[in-house]
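Enquirer: Let me see the structure of the following:
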Amino acid sequence: MIYGRNAVLEAARAGRVKRVFIAEGLEPDPRLVELARLARIDTVPRERIDSLAHGNHQGVAAELAPREFGSLKGLRRDPAQRRRRRSRRRRPAGAARSAGDGGRGQGQQRGQRARPAGPGQRTCQRRLGSQAGRALVRGAGRRRRPGALGLRLPAARLHRGGRGGGRPPPGAAALRRPPADPDGRSRGEPQRVGRGGRDPLRGDAPARGRRNGRTVTLRRTRIICTLGPASSSRSVLRSLVAAGMDVARINFSHGDPAQHRAAVEGVRSVAGAAHRHVALLQDLQAPKIRTGSLLDPPVRLRRGEAVTLTSRPVVGDRELIPISHQALIAALGPDEKVLLADGEIELRVREVKGRDAHCTVVRGGLLGERKGVTAPNCPLRLPALTDKDRADLAFGAELDFDYVALSFVRSAEDLVACRRAMKAVGCSAPLIAKLERPQALTELNGILTEADAVMVARGDLGVELSLAEVPAVQKDIIERANLRGVTVITATEMLESMVSSNRPTRAEASDVANAIWDGTDAVMLSQETSVGAHPVESVRAMAAICRAAESHPSYQRTGAVGTVRGAVGSAISHAAATVAGEVRASAIVAFTETGSTALRVSKKHPSVPVIAASPHARTLRRTALYAGVVPLLVEHGVDTDDLIAKATAAALESGLVKRRDRIVIVAGVASQPGQTNLLKVVTIH
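Expert: The predicted structure is shown next:
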């Protein structure tokens, strides 16, 4: 183990670093950026660095890779390494240590002199001074690629027994380290993403599983994190991005415009510094019925007590509870069920008089202010947007959100009304329909036609439906969304225990894994990252569960979605996924203007990564929600040949492919939105 930024960087340049540990919250500098290109980076708590290193480690430590021969000068080692090095130097010359004889040569007994080398051994020693001899010892090195980052080592010392090397034989001064790949990684390392959508300081190491005989090198499932008081600081945001946050959700049901603006600026700044394309999601409040002000909150409601719901502007208590909408009071009737606090408290209506509904407590509990109020069996009709939502849309258009989510969607008409309001304020972001009401399930086909993505909001669904129905409903929504090629998000209580605990339960891990095996494109964290005690640990746990689930044989989703007959773009995308598996391609490169091409290919669930190449940063941010898509900033293609050349360069730049690999190119010759009509297989030379 070595530590210190300069020492670790020198070792990484020499190819001697196996893994680099960087303390959380460390401000990136040019040395760290270069380290990220040369070695695998793991972001860990600073306490772990303290336990690994000694002295002034500057927040950076590294684990050295095994080495056949040679040594590095000038590297700071911990005391244990220095003691081992001194003990080797004390051994007399010629006393070479071997693995099974306690330091004596093969067949050598205690007190005996070392036997002279035989003819074969002398031949091998002579060959060590030649290029062919060194290749026999270390194996054939990789051929140099253009732009390789490999650097020369100082004259290497051959360990011949004695003082750790002695003088090199003739010709050993020319011994050089085999050149590295263009991104500084060996063939067996996971992907590291760099500039133009790549990720130099990401601690979320990709998975290393196999699917359909192909190696999976990416975490396909996307992670959405809700921002709040627990994740408002730049240091926490930086750690969330490093841990694997792909989309940042800002809930407009809470906070004020100043807080929302600060959150947006923080995410943009941190993502830019990490060379990541992190999408921003604006979640509108919509007309949700809530309890009003209480005299001494929370109040306890006990079974059998009488309580009155009112729409009058009063301050309530345990006997009189104000609510925000008169429409609910007007729609209630005798024996109707009313749920408070997201289903924790149940009331039964006795009678309705004017603006008051007199009820009896069926299931009691503690009730606070601003808690949800629902009547599952009441055909209540509220407008899709409130005046506050329209003002929030205008504010979101100013901040350039990448996605907009509409709550409590009941039908496609709600989405049409929202799009009309978005167009009025100049917002063109994709629209996500949050499925939280039973009415949305009966209108699901129309919603899937109108929405760009859907969210399975299991919290509110579990209030209005029975808990036993929610798993089957979730499975049905995911399946139908995939068949329609619509992005689907699974949300609410994914890792709820991590609001207070530093690790999830086994049931939560199974819940996340089953959602992934069902075919969800993204999973969302709510309270875990907004108000929880362990926001960063929650994202790390979620990323680890995603990688493990994707490496399991159950994650066999290729060909699981349908193709729209007669649509050229859909047919090309389906063919690309099929051809990539047949020709054993390493990646699919999708040139896209709006992101739709990359989305279509992603929804075909190919067994290889999809590289979304686009000249538009906004498009690349939107692809952060697409499963298994790597965004990459490229220029427009002048013609088909130029397009293919840029596709090849983009594939190499991403680090997912190497020379002699095959890639599948999907693009539109006209380079216009909706003109996807080109499919080509290219071998990288």
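
Enquirer: Spatially central residue for this structure, please.
Expert: Nearest residue to the geometric centre of the chain (C-alpha atoms, centre = their mean): Gly244, 3.8 Å.

Enquirer: just checking, that residue touches Ala544?
Expert: No. Assessed by C-beta atoms under 8 Å, Gly244 is found out of contact with Ala544, at 9.1 Å. C-betas here are computed from N, CA, C, even on glycine.

Enquirer: Helices of the stretch 401-550 of the chain, start to end?
Expert: Here the stretch 401-550 of the chain has its helices, by DSSP state H, counting those that start in this stretch, at 412-424, 438-442, 444-450, 458-464, 470-483, 506-518, 527-530, 535-550.

Enquirer: any weak-confidence spans in this protein?
Expert: Residues of the chain that meet the criterion pLDDT under 70 lie in 27-28, 51-56, 66-217, 556-566, 669-675.

Enquirer: contacting residues for Arg363?
Expert: Arg363 is in contact with 303, 344-346, counting by C-beta atoms under 8 Å, 6 or more residues apart in numbering.

Enquirer: Just the buried ones from these?
Expert: Buried residues within the contacts of Arg363, defined by neighbour count using 16 or more other C-beta atoms under 10 Å: 344-346.

Enquirer: Among those, which lie within strands?
Expert: 345-346 (DSSP state E).

Enquirer: and which of the buried ones among the contacts of Arg363 is nearest Pro257?
Expert: Closest to Pro257 out of the buried ones among the contacts of Arg363 is Glu344 (31.3 Å), distances taken as C-beta to C-beta.

Enquirer: give me the number of residues near the spatially closest residue to that closest one that is not a sequence neighbour?
Expert: Counting by C-beta to C-beta, 6 or more residues apart in numbering, Gly365 is the residue found nearest to Glu344 once chain neighbours are left out, at 4.7 Å. If you count neighbours by other C-beta atoms under 10 Å, Gly365 ends up with 16.

Enquirer: For Gly365, give me phi and psi.
Expert: Torsion angles at Gly365 (phi, psi; degrees, to the nearest 10) stand at phi 160, psi -170.

Enquirer: wait, what's in contact with it?
Expert: 300-301, 341, 344-345 are the contacts of Gly365 under C-beta under 8 Å, 6+ apart.

Enquirer: Including distance to Val463, could these go into JSON lines?
Expert: Putting these into JSON lines (distance: C-beta to C-beta, whole Å) gives the following:
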{"residue": "Arg300", "distance to Val463": "20"}
{"residue": "Leu301", "distance to Val463": "17"}
{"residue": "Ala341", "distance to Val463": "10"}
{"residue": "Glu344", "distance to Val463": "9"}
{"residue": "Ile345", "distance to Val463": "11"}
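
Enquirer: thinking again about what came up before, please identify which of the helices of the stretch 401-550 of the chain is closest to Ile223.
Expert: Here helix 535-550 is closest among the helices of the stretch 401-550 of the chain (C-beta to C-beta), at 5.5 Å.

Enquirer: Check which helices and strands the closest one sits against.
Expert: Under the contact definition 3 or more C-beta pairs under 8 Å, 6 or more residues apart in numbering; DSSP states H and E, helix 535-550 sits against strand 209-211, strand 222-226, helix 234-243, helix 506-518, strand 522-525, helix 527-530.

Enquirer: Phe591 is nearest to which of those?
Expert: Smallest distance to Phe591 across those (C-beta to C-beta): 21.3 Å, for strand 222-226.

Enquirer: Could you list every helix and strand in contact with that closest one?
Expert: strand 247-251, strand 522-525, helix 527-530, helix 535-550.

Enquirer: now with 6 Å?
Expert: When contacts are defined as 3 or more C-beta pairs under 6 Å, 6 or more residues apart in numbering; DSSP states H and E, strand 222-226 sits against strand 247-251, strand 522-525, helix 527-530.

Enquirer: Pull up the pairing partners for it, direction included.
Expert: strand 247-251 (parallel), strand 522-525 (parallel) (DSSP bridges).

Enquirer: picking that back up, what bridges to the residue nearest to Glu344?
Expert: Gly365 forms beta bridges with Leu301, as assigned by DSSP bridges.

Enquirer: what's the distance between it and Gly343?
Expert: Using C-beta to C-beta, to the nearest Å, Gly365 is found at 10 Å from Gly343.

Enquirer: ditto for Gly637
Expert: As defined by C-beta to C-beta, Gly637 lies at a distance of 54 Å from Gly343.

Enquirer: now swap in Glu436 and tell me
Expert: Counting by C-beta to C-beta, the gap from Glu436 to Gly343 is 12 Å.

Enquirer: and what of His685?
Expert: Applying C-beta to C-beta, the value for His685 to Gly343 is 62 Å.

Enquirer: What of Leu415?
Expert: Leu415 sits 26 Å away from Gly343, going by C-beta to C-beta.

Enquirer: Look at these two and report which has more neighbours.
Expert: More neighbours surround Leu415 than the other of Leu415 and Gly343, with 22 against 18 (other C-beta under 10 Å).

Enquirer: which one is that one nearest to, not counting chain neighbours?
Expert: Counting by C-beta to C-beta, 6+ apart, Leu415 lies nearest to Glu450, which is 4.3 Å off, once chain neighbours are set aside.
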